[in-house]
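K.L.:
Could you look at this predicted model? Sequence included:
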Amino acid sequence: MVLALFAQIAIMLIDRYIYLTVTSESLVRDWQGQPALLKKTSVTFATGCKVVLHIVLTVAIHALLFWVLPILGNVRISGEVGCKEGKECNDFQRNWALRVFYCLWLAYLLLSAVQLRLGMPTIRDGSFPLTQYRSLCSKWLFQVYLQVPFLFELRTLTDWAFTSTALDFWQWLKFEDVYGRLYIAKINQSYYLQREPGQPIDCCYKFWVGIVGTIGLIVMLLAPLVLFSDLNLFVYENPIKTIAVEFGFLIENRNYYKIFSASRVTDIHYMSEAEWEKMGLDQVRDVSRRDREDMQVLTIPLSGDSIWDITPEGRFSLQQSLYDPRSSLHMLMTTSYIRDYPPHQHLSVHSFQAPLSNAHIQQQLAMSEGTRLRFPKLFSSLWRLPSVGDQLTPTMIERDIEQFLPDIEFHLEVYKDQFEYWRMGRQGAEGKLAELKVYVISEKHSPATLNFGVVTFYLTVVFFAGKMLRMVTGGSAENFIMSEVRRPDMLLDLGNAIYLARMVGNLKEEEELFYELIDIMRSPATMLIVTGRSAIREVSKSKTD
């Protein structure tokens, strides 16, 4: 697809080059008194290239859409070239995308054949086809063309590169910009010239622009707050389906020794009102009452899912590292959880690490049956899981949570004098090992937020909409002279003369006319003489007379 996109752009550039070349050639011949080329295009190098391009594209598109793409699609789907009954097939008759693509290319080939049969136009009126029409619809479409990123610049740069001219690119760009602004001013001023002086603004216009526009701006500013509040109607619960945890020692940030892993839970349930009160969650500053309906309690089993498989050399290395006071020690906890949302990321894996000191491990480290490792208040068991954004990193709530900082213990057990495994839990009543409970706030998911957080939503969607609005409404004072030109017809005619001089190859006259336009634009007095006064008092007096 990437190669096809590059090929499409290359074809567009070649076609544009041929169009500009043939148009200029035909205009030069007409200017010299030779017969017009609207009847049939004569054979030149540019038209020969057009014929070759037309034939090559006709053959290539049919071969690509009827053979190459269906065969490649079938091989990717089923591993076979042809189609079989009951299996998915990618041939032309069953793939609607290929048919739509083919219809678009047929339209292009038809227009290309008409150009070859009847000939190219001998003159291009204006810098853009829409500037040939004097209507509000054409003005709006032209303004949309100007606002599309890179489109105006790409077309201007391409035309400058493929056209013989005495202007450098920046002069050409300024001229195109001036011509476009004069065209917009021409359409706008035609409305003001038809209004009677002193006529009040119509109530319908005030309603659509004033009231509806004000409501639209308020909605644009406040709608994101609604999307991220309880008023959002498109919100879905996003509970945790299952969770897996793993604990291990991280030594010197390079050696990792896994000691416990469990990919199952013994219980998952939503927190009840009684549990909420018992745990004193109203006293936790980072938790609100409405979080209760999203909070789940997950119970991790005491026994893991795997035996402790470690070689004698690995066991000895672990013991040495734990005894060494110079070692950098961390306990690494890795969590994996599955939820329904966001759709593109059902499974999320994240790690937390906590530093260990030698005081943590001044215990029995023989790493044999009966070993007990106890780590007080190592990790918080109160988490918050976001459901929006690209980085769905869980957050450990660590303020006002004394009751959520359990002492985690690891007990090394031996099964039938053969297999070693670790049991993990929290210190329970009477010093017994109890199952570790994790309290998770799994936030709701809303597809209307576009997977953004509230700050990101404002910095992207709302900010972009505001910039586009400012692009349309801003700059009125800076462009006042051009946007309020009363009758820009003479300046537009001067611009058309620059186009004509360029196309007939009279580059000296093109440059002279360009500087004439610049001199007029730089002189307010001359602009007033050329384009007329805007004062309605004078107009009214002349009507009275």
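P.N.:
Perfect, thanks for sending it.

K.L.:
Test my guess that residue 77 contacts residue 88.
P.N.:
Yes. Between residue 77 and residue 88 a contact is recorded at 5.4 Å, counting by CB atoms under 8 Å. Using the backbone N, CA and C atoms, a C-beta is placed for each residue, glycine as well.

K.L.:
which residues touch residue 422?
P.N.:
259, 260, 304, 308, 410, 411, 412, 413 (CB atoms under 8 Å, 6 or more residues apart in numbering).

K.L.:
Any of these buried? List them.
P.N.:
259, 260, 304, 308, 410, 411, 412 (16 or more other CB atoms under 10 Å).

K.L.:
From these, which land in strands?
P.N.:
259, 260, 410, 411, 412 (DSSP state E).

K.L.:
longest helix in this protein, by residue count?
P.N.:
helix 2-31 (DSSP state H).

K.L.:
which residues sit against the following helix or strand past that helix?
P.N.:
Downstream of helix 2-31, the first helix or strand assigned by DSSP states H and E is helix 45-63. Helix 45-63 is contacted from outside by 11, 14-15, 17-18, 21-22, 25, 41, 102, 105, 109, 112-113, 115-116, using CB under 8 Å, 6+ apart.

K.L.:
same deal with stretch 159-173?
P.N.:
Contacts for stretch 159-173 (CB under 8 Å, 6+ apart): 16-17, 20-21, 24, 153, 156-157, 175, 502, 505, 507-508, 510-511, 514.

K.L.:
let's see 6 Å
P.N.:
17, 20, 156, 502, 507, 510, 511 (CB atoms under 6 Å, 6 or more residues apart in numbering).

K.L.:
re the thing from before, please check the contacts of helix 45-63 and keep the buried ones.
P.N.:
Buried subset of the contacts of helix 45-63 (neighbour count, 16+ other CB under 10 Å): 15, 17, 18, 21, 22, 25, 41, 102, 105, 112, 115.

K.L.:
Looking at the buried ones among the contacts of residue 422, spot the one nearest residue 247.
P.N.:
Closest to residue 247 out of the buried ones among the contacts of residue 422 is residue 260 (4.5 Å), distances taken as CB to CB.

K.L.:
what's the pLDDT at the closest one?
P.N.:
Here, the pLDDT recorded for residue 260 equals 94.

K.L.:
How about residue 417?
P.N.:
So residue 417 comes in at 79 (pLDDT).

K.L.:
All the strands of this structure, residue numbers only.
P.N.:
Using DSSP E, strands in the chain cover 242-251, 255-262, 267-270, 295-300, 329-338, 347-356, 372-375, 382-385, 395-396, 408-415, 419-427, 433-434, 436-442.

K.L.:
Parallel or antiparallel, which strands does the fourth one pair with?
P.N.:
Partner strands and pairing direction for strand 295-300 (DSSP bridges) are strand 267-270 (antiparallel), strand 436-442 (antiparallel).

K.L.:
Just name the most buried of the ones you listed.
P.N.:
Stretch with highest mean neighbour count among those: strand 436-442 (a mean of 21; mean count of other CB atoms under 10 Å).

K.L.:
Show me where the protein dips below the pLDDT cut-off.
P.N.:
Counting by pLDDT under 70, the chain has low-confidence residues at 1, 23-43, 84-87, 120-127, 358-370, 389-391, 450-451, 453, 471-479, 535-545.

K.L.:
So the protein: which segments form each domain?
P.N.:
1-122, 203-233+453-473, 242-445 (automatic domain parsing).

K.L.:
For residue 144, which of the ones you listed is the nearest?
P.N.:
Among the domains of the chain, domain 203-233+453-473 sits nearest to residue 144 (CB to CB), with 10.5 Å.

K.L.:
rewinding a little: can the strands of the chain go into a markdown table with extra columns for distance to residue 287?
P.N.:
Listed next are these as a markdown table, based on distance: least, CB to CB, whole Å:
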| stretch | distance to residue 287 |
| --- | --- |
| strand 242-251 | 20 |
| strand 255-262 | 26 |
| strand 267-270 | 15 |
| strand 295-300 | 8 |
| strand 329-338 | 19 |
| strand 347-356 | 19 |
| strand 372-375 | 25 |
| strand 382-385 | 8 |
| strand 395-396 | 11 |
| strand 408-415 | 22 |
| strand 419-427 | 20 |
| strand 433-434 | 23 |
| strand 436-442 | 7 |
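
K.L.:
what's the closest of these to residue 482?
P.N.:
So among these, strand 395-396 is nearest, using CB to CB, at 53.8 Å.

K.L.:
Residues contacting the closest one, please?
P.N.:
380, 383, 384.

K.L.:
just these now: which is nearest residue 282?
P.N.:
The closest of the contacts of strand 395-396, once distances to residue 282 are taken by CB to CB, is residue 384, at 16.4 Å.

K.L.:
Is that closest one bridged to anything, and to what?
P.N.:
residue 395, residue 441.

K.L.:
and the gap between it and residue 530?
P.N.:
Counting by CB to CB, to the nearest Å, the gap from residue 384 to residue 530 is 68 Å.

K.L.:
now swap in residue 319 and tell me
P.N.:
94 Å.

K.L.:
same check, this time on residue 489
P.N.:
Distance from residue 489 to residue 530, by CB to CB: 9 Å.

K.L.:
Looking at the two now, which is surrounded by more residues?
P.N.:
residue 530 (17 against 13; other CB atoms under 10 Å).

K.L.:
Leaving aside the residues adjacent along the chain, what's closest to the more buried one?
P.N.:
residue 490 (5.2 Å; CB to CB, 6 or more residues apart in numbering).

K.L.:
thought residue 301 was touching residue 267?
P.N.:
No. Contact criterion CB atoms under 6 Å: residue 301 and residue 267 do not qualify, at 9.5 Å.

K.L.:
TSV for the buried ones among the contacts of residue 422, including distance to residue 210?
P.N.:
Output for those, formatted as TSV (distance: CB to CB, whole Å):
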residue	distance to residue 210
259	70
260	67
304	68
308	74
410	70
411	74
412	77
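
K.L.:
Out of the residues you listed, which comes closest to residue 340?
P.N.:
Distances from residue 340 to these, taken by CB to CB, are shortest for residue 304, at 26.9 Å.

K.L.:
Please report how far the residue lying closest to residue 282 once chain neighbours are set aside lies from residue 396.
P.N.:
Computed as CB to CB, 6+ apart, the closest residue to residue 282 that is not its neighbour in sequence is residue 289, at 7.1 Å. Distance, residue 289 to residue 396, by CB to CB: 21 Å.

K.L.:
which of those two has more neighbours?
P.N.:
residue 396 (14 against 9).

K.L.:
any idea how far residue 291 is from that one?
P.N.:
From residue 396 to residue 291 the distance is 15 Å (CB to CB).

K.L.:
What count of nearby residues applies to the nearest residue to residue 427 once chain neighbours are set aside?
P.N.:
Leaving aside its sequence neighbours, residue 427 sits nearest to residue 407 (CB to CB, 6+ apart; 4.5 Å). Counted with other CB under 10 Å, residues neighbouring residue 407 total 13.

K.L.:
who's in contact with residue 220?
P.N.:
By CB under 6 Å, 6+ apart, residue 220 lies in contact with residue 465.

K.L.:
For it, give its distance to residue 470.
P.N.:
In terms of CB to CB, residue 220 sits 12 Å off from residue 470.

K.L.:
swap in residue 216?
P.N.:
14 Å.

K.L.:
Residue 313 too?
P.N.:
Distance from residue 313 to residue 470, by CB to CB: 68 Å.

K.L.:
what do you get for residue 199?
P.N.:
30 Å.

K.L.:
Mind checking which of these two has more residues around it?
P.N.:
The neighbour comparison of residue 199 against residue 470 (other CB under 10 Å) goes to residue 470, with 10 against 7.

K.L.:
returning to that earlier point: mind putting the buried ones among the contacts of helix 45-63 in JSON lines, distance to residue 332 included?
P.N.:
Below are the buried ones among the contacts of helix 45-63 laid out as JSON lines (distance: CB to CB, whole Å):
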{"residue": "15", "distance to residue 332": "60"}
{"residue": "17", "distance to residue 332": "61"}
{"residue": "18", "distance to residue 332": "64"}
{"residue": "21", "distance to residue 332": "67"}
{"residue": "22", "distance to residue 332": "70"}
{"residue": "25", "distance to residue 332": "73"}
{"residue": "41", "distance to residue 332": "74"}
{"residue": "102", "distance to residue 332": "56"}
{"residue": "105", "distance to residue 332": "57"}
{"residue": "112", "distance to residue 332": "64"}
{"residue": "115", "distance to residue 332": "68"}
